[in-house]
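1. sequence and computational prediction follow.
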Amino acid sequence: MTENKFKPVEEQLAYVKKGVAEIIPEPELKASLEKSLKTGKPLRVYLGVDPTAPDLHLGHTVVLRKLKHFQDLGHTAVFLIGDSSAMIGDPTGVSETRPPLTREQVHANAKTYLEQVFKILDRKKTEVRYNSEWLGKMNAEDVVRLCSHYRLARMLEREDFSSRLEKGQPIAVHELLYPLLTAYDAVSLKSDVELGATEQKFNLLVHREIQREYGLPGQAILTMPILVGLDGQRKMSKSLGNYVGITEAPPKMFGKLMSIPDDLMWSYYELLTDRSMEGIENLKKAVEIGALHPMNAKMDLAKEIITEFHSRNDAQAAAIEFQKVVQQKELPSEVMQYFVPESGKIKLARRLVDWANLSSRTEADRLIGSGAVEINGEVIRDPAYDLDLNAPRELVIRVGKPREGRIHLFKVTIGPPPPKS
RNA sequence: GGACGGGUGGGUGAGUGGCUAAAACCAGCAGACUGUAAAUCUGCCGCUCCUUGCGGGCUACGAAGGUUCGAAUCCUUCCCCGUCCA
């Protein structure tokens, strides 16, 4: 509660501005910071999430990190779980009606969600709220009253509504209610600032407007860019499979991060690390003039990100494993091992389904046919290949590239398994 | 409630009785090239069986029935979506 609890406004603003897409309106945010500095009262900064899926990936962390930045500066971070609104389903960016979740699903999701969130936010300093606290108390009249504060024409300005309307795609009435109900969150929380991804801009603006309708000053809005996924094309999302989950094992994170297009790494540096913009620019320049190999810059990036979610040692180990397995093509330190008794012959394709965790026999045939299967370094191209089981020996089998859900490299020992110790 | 249009593989979308496991494109997978990057090129891209063959069987075009030697394509009923009218 001391006078000098906060840093100078310009300094705060600069810290908070790193990586942001837009601040609406910036002078207001600045004014709020000035006021808070003068009064010693922290700003209430909130981020609302729908716990629709329990697994967080790096895409979610972009905006969480920004909330963390406010927390670092001594402001109050409010993490809002939209347990009520999640049951409506936000139509943003989906362009189709979402199936509503049940209350049980929402609560289960919320719980795992929070656990992950505190890998980034400071648990002790975070105010966690649920919007069922106030939305659950509203009756039909309250909802109608809330709705009376907004106009249909304004609602239809929203891009995904207007485009769906144009294309003759369905829009369910309850979808219109989503931004209004979540606006009531902003009213209840009396927030000074709300964070969100750029795709949330419309919702955030509605929140601000409704706050004013309810006699509040109207929060400032700060939007963060959407993180592009591993494919370098589309937004990072679980359903597209182009994501890095924050609970994934370090070696897997490492491999995934190394697979991003080089150009993308600058945006990852900006949105996923605490490096200053200046530092990132220098790095970029070093790569451009050839002083730094882009691969090394990317390895550093991967290490930094992994350090945040695991530890420095884990990150280092993941890097070493990557070099060993991928670059030097050696066996990984932990390999799946299978034992097959000696008995005549078997079809390779048939066994591959289990060994490599393939989806079907047909897939095994296809992989063999396209030269993706190697035994002890020798490519097998005949889908009808018979594995001779008469001589006891050890085989190292490789199936394609490492990929989610597939065991791409493993050992098969023909002969009895070693006695259990 | 009425009139009209529409529902095809993960997505967009062609096909209007057999040559269609269904064009094309995207996504995906694999190979080559690399820095397990991207880009590019090439192949693959429902499931299953075996004697792995331009092989056999099964499943698939909103749902269920029907016509036909044969249906994604025709008929009937139902479900869903949109537009316009009220």
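-> Sure thing, it's come through. Numbering: from 1, shown residues only, chains lettered A, B, ... in the order given.

2. what secondary structure does A:Leu352 sit in?
-> helix (DSSP: H, G, I helix; E, B strand; the rest coil).

3. next, work out how far apart it and RNA strand B are.
-> Using CB to the nearest atom of the strand, to the nearest Å, we find A:Leu352 at a distance of 11 Å from RNA strand B. Quick note: C-beta positions are derived from backbone N, CA and C, even for glycine.

4. enumerate the residues of the stretch 201-350 of chain A near RNA strand B.
-> Within the stretch 201-350 of chain A, the positions near RNA strand B by CB under 7 Å from any atom of the strand are A:231-233, A:240-242, A:254-255, A:258-262, A:294-295, A:298, A:322, A:325-327, A:347, A:349-350.

5. and the contacts of the strand or helix carrying A:Ala364?
-> Using DSSP states H and E, A:Ala364 sits within helix A:361-369. Here helix A:361-369 makes contact (CB atoms under 8 Å, 6 or more residues apart in numbering) with A:348-350, A:352-353, A:356, A:358, A:373, A:380-383, A:385, A:399-400.

6. who wins on neighbours among the residues you listed?
-> For the contacts of helix A:361-369, the largest number of neighbours (other CB atoms under 10 Å) sits with A:Ala349, at 25 neighbours.

7. helix/strand/coil for it?
-> helix.

8. quick one: it and A:Asp382 touch, right?
-> No. Judged on CB atoms under 8 Å, A:Ala349 makes no contact with A:Asp382 at a distance of 9.4 Å.

9. related to what we said a few turns ago, show me the residues of the stretch 201-350 of chain A next to RNA strand B that map onto strands.
-> Within those, residues falling in strands by DSSP state E are A:Lys347.

10. selection in PyMOL covering whichever of the residues of the stretch 201-350 of chain A next to RNA strand B are buried, please.
-> Selection of the buried residues among those in PyMOL, burial being defined by 16 or more other CB atoms under 10 Å:
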select buried, chain A and resi 242+254+255+258+260+298+322+325+349
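
11. if you look at the residues of the stretch 201-350 of chain A next to RNA strand B, which of them are in helices?
-> Counting by DSSP state H, those place A:Phe254, A:Gly255, A:Met258, A:Pro294, A:Met295, A:Lys298, A:Phe322, A:Ala349, A:Arg350 in helices.

12. just the residues you listed now: which is nearest A:Glu209?
-> Closest approach to A:Glu209 among these (CB to CB): A:Lys298, at 42.6 Å.

13. ignoring the adjacent residues along the chain, who's closest to that closest one?
-> Nearest residue to A:Lys298, sequence neighbours excluded (CB to CB, 6 or more residues apart in numbering): A:Met265, at 5.3 Å.

14. can you list the helices and strands that the helix or strand hosting that neighbour packs against?
-> Using DSSP H and E, A:Met265 falls within helix A:264-272. Counting contacts by 3 or more CB pairs under 8 Å, 6 or more residues apart in numbering; DSSP states H and E, helix A:264-272 packs against helix A:58-72, helix A:277-288, helix A:294-309.

15. which residue is nearest the centroid of chain A?
-> In chain A, the residue lying closest to the centroid (CA atoms, centre = their mean) is A:His57, at 2.4 Å.

16. how near is A:Lys298 to A:Phe322?
-> 11 Å (CB to CB, to the nearest Å).

17. could you tell me which residues touch both of those two?
-> A:Met258.

18. helices or strands up against the lowest-mean-pLDDT helix or strand in chain A?
-> Lowest by mean pLDDT, DSSP states H and E among the helices and strands of chain A is helix A:159-167, with a mean of 82. On a contact count with 3+ CB pairs under 8 Å, 6+ apart, helix A:159-167 meets no helix or strand.

19. do that helix and RNA strand B meet at all?
-> Yes. Using CB under 7 Å from any atom of the strand, helix A:159-167 comes into contact with RNA strand B via A:Leu165.

20. and that helix, what's buried?
-> In helix A:159-167, counting by 16+ other CB under 10 Å, buried: A:Asp160, A:Phe161, A:Arg164.

21. again with stretch A:61-76
-> Buried-residue list, stretch A:61-76, by 16+ other CB under 10 Å: A:61-73, A:75-76.
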